[in-house]
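S.K.: Here is a sequence together with a model predicted from it:
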Amino acid sequence: MARSIAYVSPSQLISINRSTRVAIVDVRDDERSYDAHIAGSHHFASDSFSKRMPELLEAVKGKDTLVFHCALSQVRGPTCARTFANYLSEIKGDAGINKIMVLDHGFNGWHASGRPVCRCTDIPCKGETL
Ligand SMILES: [Zn+2]
């Protein structure tokens, strides 16, 4: 199954989050620990992403849309989104995930546009996204 990966802006993310079950997947590496993060986002660092894809699949059970991001969503975010889309097409059974997206301009764009961020150290973050 071929999946196209669309980019979503922070305001689009807020509006789709109202109508679908969205999981946000942060693939930044160490930056997550000293920068803030989007509340409720999952953290699967890009350097160990491939190994942890089964764990991610488990963590997002019940969600139908995944939105990946890194700091700027130029390299790591889109790469991990593509890797995960390929993984989904290889595994047997329906994971229930209809859409894989990338947050345009990443965490930095989200933060710069004045969207709320979370600074907790919980793993996973228990915050509400919006
Ligand atoms: Zn948090």
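M.R.: Thanks, I have the structure now. Fair warning: this is a prediction, and the values are worked out from it, not measured in the lab.
S.K.: just the strands in the protein please.
M.R.: Counting by DSSP state E, the chain has strands at residues 6-8, 22-26, 42-43, 65-69, 99-103.
S.K.: and the third one, what other elements does it pack with?
M.R.: Just to be clear, that refers to strand 42-43. Applying 3 or more C-beta pairs under 8 Å, 6 or more residues apart in numbering; DSSP states H and E, we find strand 42-43 packed against strand 22-26. (C-beta placed from N, C-alpha, C; glycine too.)
S.K.: what sits up against the strand it packs on?
M.R.: With C-beta atoms under 8 Å, 6 or more residues apart in numbering as the test, strand 22-26 has contacts from 13, 16, 32, 37-38, 40-44, 56, 59-60, 63-70, 80, 84, 103, 107, 129.
S.K.: quick one, it and strand 99-103 angle?
M.R.: Going by axes from the mean of the first three to the mean of the last three C-alpha atoms, to 10 degrees, strand 22-26 is angled at 50 degrees with respect to strand 99-103.
S.K.: Strand 22-26 and the ion, any residue contact?
M.R.: No - judged by C-beta under 5 Å from the ion, strand 22-26 and the ion are separated, with a smallest distance of 10.1 Å.
S.K.: That strand to strand 65-69, inter-axis angle?
M.R.: Going by the same axes, to 10 degrees, strand 22-26 makes 20 degrees with strand 65-69.
S.K.: Direction included, what does strand 22-26 pair up with?
M.R.: strand 42-43 (parallel), strand 65-69 (parallel) (DSSP bridges).
S.K.: Please state the offset of the shortest one from the chain centre?
M.R.: Its chain's C-alpha centre lies 7 Å from the corresponding centre of strand 42-43 when counted by C-alpha atoms, centre = their mean, to the nearest Å.
S.K.: near the ion, which residues of the protein show up?
M.R.: Residues of the chain lying near the ion (C-beta under 5 Å from the ion): 118, 120, 125, 127.
S.K.: what mean pLDDT does stretch 54-73 have?
M.R.: Averaging the model's pLDDT scores along stretch 54-73 yields 96.
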